[in-house]
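[1] only the shape, not the letters, is given here:
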Ligand code: FES
Ligand SMILES: [Fe+2]
């Protein structure tokens, strides 16, 4: 089959099933793109830190005495013991192996008996930092030291999100829902990135939140921006003050290639997706829900439960069936349904997404 001619086709099954490709992605894709690390509220005070993992690498974020949030590889520069575990607050970072001590800025402060070493210069030793950005309270890192800033990867998103969620910088996580899907992360991300399947598979979402006939998804740099008009807002399952601000009645979503998405429900309700690939055929989707100062809210908790029971549950069955199908010897990748006008019954967004996937894996 000549893949160069005719309409773009779905990616070949091996992209979703081959462990070698999964390893390539860890090395070439996850280590060169902006990855969600955690929320700024996890490092509120100087000395607060938390450990996280990206592409098999242990890292941590820490707030310095100068109030800067920094991210470092979690490894001592003496003989490679991991420096910190979990989360906490520390005045200095002390390695558990031989007690080398680092400032919160990453500079080596002291090590037992190092003064006895001729020529030992502690100023030459520093933890290895990685670029980190505070994106409206969400911390992202990039393991590529030369990474372009997030605003060039995702043009306009910061301003749009601030308009859709005016309170965004005062939000704190209220609830996290963890969803295990037995599929490749790309199957799940593709499913998120088209609404061609929505009317058939998401009655609550299609009937209660959005107007599917107005749904569209457009690339914006390496962001896929979802927009739609909303259903009659009196049919929403929670109260909305439409007068509160310009976007109080709107739905939108910003998928940040490759593993994160901000989603806003009417009422300026922010929720997030973070795909965490575990193996070639397993991904964990973390759904985050937020309120101002993390104050408890029955509405938000109910929404999280409703979302888990409907859209999320419906999608799990779809993506796991696709993963099984990708293992079938009878599958030949079909043409994407691309309507030049875009719209909900079109998979033009998948063509964009798959272009990014091919470029990351094949260097195309
Ligand atoms: S490995 Fe950290 S002090 Fe020796
Ligand atoms: Fe879906």
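    Happy to help now that I have it. Here the structure is a predicted model, which is why all the values come from computation and not from measurement. Residues are numbered from 1 along each chain as shown. Ligands and ions are numbered 1, 2, ... in the order given.
[2] all helices of this protein, in order?
    Ranges of helices in the chain, per DSSP state H, are 14-17, 19-24, 150-153, 157-164, 185-192, 198-201, 203-208, 298-307, 313-326, 348-362.
[3] elements contacting the second one?
    Translated: helix 19-24. Using 3 or more Cβ pairs under 8 Å, 6 or more residues apart in numbering; DSSP states H and E, the elements in contact with helix 19-24 are strand 269-279. Yep, even glycine has a C-beta here, placed from its N, CA and C like the rest.
[4] if we can go back for a sec, what's the most buried one of the helices of the chain?
    Highest mean neighbour count among the helices of the chain (mean count of other Cβ atoms under 10 Å): helix 185-192, with a mean of 24.
[5] other residues contacting that helix?
    Residues from elsewhere that reach helix 185-192, judged by Cβ atoms under 8 Å, 6 or more residues apart in numbering: 11, 15-16, 181, 197, 255, 258-259, 261, 273, 275-277, 283, 285, 315, 318-319, 322-323, 326, 350, 353-354, 357.
[6] any idea how far residue 215 is from the nearest residue to residue 311 once chain neighbours are set aside?
    Sequence neighbours aside, residue 205 is the residue nearest to residue 311 in space, at 4.9 Å (criterion: Cβ to Cβ, 6 or more residues apart in numbering). Going from residue 205 to residue 215 by Cβ to Cβ, to the nearest Å gives 10 Å.
[7] common neighbours of these two, please.
    Here residue 205 and residue 215 share the contacting residues residue 198, scored by Cβ under 8 Å, 6+ apart.
[8] burial count for the closest residue to ligand 1 within the stretch 101-250 of the chain?
    The nearest approach of the stretch 101-250 of the chain to ligand 1 comes at residue 111, 6.4 Å away (Cβ to the nearest ligand atom). Counted with other Cβ atoms under 10 Å, the neighbours of residue 111 add up to 20.
[9] closest to the centroid, which residue in the protein?
    residue 260 (2.1 Å; Cα atoms, centre = their mean).
[10] how about that residue: which residues does it bridge to?
    Beta-bridge partners of residue 260, counted by DSSP bridges, are residue 256, residue 274.
[11] need the pLDDT of it.
    You'll see residue 260 listed with a pLDDT of 98.
[12] what's the distance between it and residue 80?
    30 Å.
[13] contact partners for the residue lying closest to residue 78 once chain neighbours are set aside?
    Here the nearest residue to residue 78 in space, its sequence neighbours aside, is residue 100; by Cβ to Cβ, 6+ apart that works out to 5.0 Å. Counting by Cβ under 8 Å, 6+ apart, residue 100 makes contact with 76-78, 94, 108, 110-112, 114.
[14] how far away is residue 33 from residue 151?
    15 Å.
[15] just to revisit the earlier point, how close does the nearest residue to the residue of the stretch 101-250 of the chain closest to ligand 1 once chain neighbours are set aside get to ligand 1?
    Spatially, and ignoring its direct neighbours in sequence, residue 111 is nearest to residue 100 (4.1 Å; Cβ to Cβ, 6+ apart). The gap separating residue 100 from ligand 1 is 4 Å, by Cβ to the nearest ligand atom, to the nearest Å.
[16] on the pLDDT front, check residue 100 for me.
    On the pLDDT scale, residue 100 gets 98.
[17] now swap in residue 3 and tell me
    Value listed for residue 3 in the pLDDT field: 48.
[18] over to the one 5 residues further on?
    Note on residue 8: pLDDT of 91.
[19] wait, what's in contact with it?
    Per Cβ under 8 Å, 6+ apart, neighbours of residue 8: 335-336, 338, 351, 354.
[20] repeat that with 6 Å
    If you count contacts by Cβ atoms under 6 Å, 6 or more residues apart in numbering, residue 8 has them with 336, 351.
[21] and what of residue 265?
    Residue 265 neighbours (Cβ under 6 Å, 6+ apart): residue 251.
[22] which bits of the stretch 51-200 of the chain sit near ligand 1?
    76, 78-81, 95, 97-98, 100 (Cβ under 6 Å from any ligand atom).
[23] make a PyMOL selection of the buried ones in those.
    Selection of buried members from those for PyMOL, criterion 16 or more other Cβ atoms under 10 Å:
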select buried, resi 76+95+100
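[24] columns distance to residue 142 on top of the residues of the stretch 51-200 of the chain next to ligand 1, output as TSV?
    Formatted as TSV, those follow (distance: Cβ to Cβ, whole Å):
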residue	distance to residue 142
76	23
78	26
79	27
80	23
81	25
95	25
97	29
98	31
100	27
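[25] so, low pLDDT: which residues of the chain?
    For the chain, applying pLDDT under 70 flags the ranges 1-5, 235, 364.
[26] tell me the domain boundaries of it?
    35-141, 152-362 (automatic domain parsing).
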